[in-house]
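In: Next come a sequence and a model predicted from it.
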Amino acid sequence: MPIQRALYRILQTQLSSGKVLLVVGARGSGKTALINQLANTYSGPKLILSGEENASTELLSNRTIAHYTHWLNDTQLLILDEVKAIPDYEKSLKFLVESFSHLTVVATSSSSFDTAIPDNKLALDRQVTYTIYPLSQLELGATETYLQTREYLEERLIFGSYPDIVQAATSSERIDLLTNTTLPHLLEDVLLFDQVRNSEKMVQLLRLIAYQIGQEISYDELSYQLQIDRNTVVRYLELFAKVFILFRVGGFGQNHPKEVTKSSKWYFFDNGVRNALINNFSLLSQRYDAKALWENYLVAERIKRNTYLHNSAKPYFWRTYDQQQLDWLEENNGQLKGYVFSWQMKKKRLPKGFSKAYPTASLSIINPENYLDFITHNYFDV
């Protein structure tokens, strides 16, 4: 049974909106399959162009009404796959928005847009950005039973959930795809996004982060280990975020003296990519980092879930200098919800310091028995 992407129905309702719909996500996350599905179900005049083909660049480079009218003809839906490969793509999108009010544009990119259509209020009012991630449990759950989901948990902690990986038939096939296709393509996108002088150091940094998921990161220590300056470390991490390899979570605090607020944790959007970096696809029973994989899986799935359900909660972690901590904290309209992650099903203590500082906040322990409520939708909804 085909997996229905969460963004499909959202985008389908916007195909006659006259807007620019920007779809961003990592290479291999399913952008092209999504837009092809949208095109197949759209009954009006449409045109699909790939930014990676010279013909598309030539069509878009001559920004005149006469030229665009000629090749657009009666098109009402224009799909531009990997639009960032087109030189001056921002100018082309702006020209389309300003000149053809009846036209809806769907543009995809493997790296985030800073501002796709700059310096134009009308244009900004007509553009919307959506993010597509590797498959979420929210999406996978529609095609499998509860028992199947529980059966696949270890597989997803180890191999992640990129569409090609999920659909692969064997573990050896998944390892081959992650090692020789998924990871190289992601690293290639980093190099394409910005000039990186030392790609070897960049990969070394990513591996160091892979060994420290769930831990607070010291930029100075990373700088020392890699023998590169601190600003370069920060810039590389920002690049990894822009191509959807990593995401940052900061510390939460409201001026209580013991709270750690200036630290950062970095997580991978996909466990399989993380394990490919350290070349470890062993079973959970044979590895030391099962708890770290569990934490990374939960927070990545929570990010996907919140995005697709339009939950605007801001994510944090919480820790005090006397080592009371929460693995995950969300703030939404002044409401706080804190979570502690438990992999081994042992009893965990909730931090009394947090309850004392924030008496109206809720606290929960997430374990293998109740995790689906946390990463899909149930009583954990804000």
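Out: Yep, it's here.

In: Now the phi/psi pair for residue 249, please.
Out: With angles defined as degrees, to the nearest 10, residue 249 sits at phi -130, psi 130.

In: Same check on the one 5 residues further on?
Out: The phi and psi values for residue 254, taken as degrees, to the nearest 10, are phi -130, psi 50.

In: Domains in the chain, by residue range?
Out: Following automatic domain parsing, the chain resolves into domains at 6-131, 145-375.

In: Quick one, which of the ones you listed gets closest to residue 137.
Out: domain 145-375 (5.1 Å; CB to CB). Heads up, the C-betas are built off the backbone N, CA and C, glycines and all.

In: how far out from the middle of the chain is that closest one?
Out: Centroid separation for domain 145-375 versus its chain: 11 Å, with CA atoms, centre = their mean, to the nearest Å.

In: distance between the ends of that domain?
Out: Domain 145-375 has an end-to-end distance of 16 Å (criterion: CA to CA, to the nearest Å).

In: got it, and stretch 270-285?
Out: Stretch 270-285 has an end-to-end distance of 20 Å (criterion: CA to CA).

In: isn't there a strand covering residue 328?
Out: Yes: assessed with DSSP: H, G, I helix; E, B strand; the rest coil, residue 328 lies in a strand.

In: With adjacent residues omitted, what lies nearest to it?
Out: residue 339 (4.3 Å; CB to CB, 6 or more residues apart in numbering).

In: Over to residue 183?
Out: Of all residues not flanking residue 183 in the chain, residue 276 sits nearest, at 4.6 Å (CB to CB, 6+ apart).

In: Go ahead and report the secondary structure state at the one you found.
Out: Going by three-state DSSP: residue 276 is helix.

In: so who does it touch?
Out: Residue 276 makes contact with 175, 178, 179, 182, 183, according to CB atoms under 8 Å, 6 or more residues apart in numbering.

In: quick one: which of these has the most company?
Out: Among the contacts of residue 276, residue 178 has the most neighbours (other CB atoms under 10 Å), with 28 neighbours.

In: From residue 282, how far out is that residue?
Out: To residue 282, residue 178 is 14 Å away according to CB to CB, to the nearest Å.

In: Same check on residue 86?
Out: Per CB to CB, residue 86 is found 43 Å from residue 282.

In: And residue 374, by the same measure?
Out: Taken as CB to CB, the span from residue 374 to residue 282 is 26 Å.

In: quick one, helices of the stretch 151-300 of the chain?
Out: Taking DSSP state H, counting those that start in this stretch to define them, one finds helices in the stretch 151-300 of the chain at 163-167, 171-177, 183-193, 199-210, 219-226, 230-242, 271-278, 290-308.

In: what's the second one packed up against?
Out: So that's helix 171-177. Counting contacts by 3 or more CB pairs under 8 Å, 6 or more residues apart in numbering; DSSP states H and E, helix 171-177 packs against helix 146-159, helix 163-167.

In: okay, the ones you listed in a markdown table with distance to residue 369 next?
Out: Shown next, in a markdown table, are the helices and strands packed on helix 171-177 (distance: least, CB to CB, whole Å):
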| stretch | distance to residue 369 |
| --- | --- |
| helix 146-159 | 10 |
| helix 163-167 | 23 |
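
In: do you know which of those lies nearest residue 259?
Out: Closest among the helices and strands packed on helix 171-177, using CB to CB: helix 146-159, at 30.6 Å.

In: Now stretch 43-59: average pLDDT?
Out: Taken as a whole, stretch 43-59 has an average pLDDT of 91.

In: shift numbering so it begins at 394
Out: Got it, first residue is 394 now, which makes that one stretch 436-452.

In: In CSV, list the helices and strands packed on helix 564-570 along with mean pLDDT and distance to residue 679.
Out: Shown next, in CSV, are the helices and strands packed on helix 564-570 (pLDDT from 0 to 100; distance: least, CB to CB, whole Å):
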stretch, mean pLDDT, distance to residue 679
helix 539-552, 95, 11
helix 556-560, 96, 20
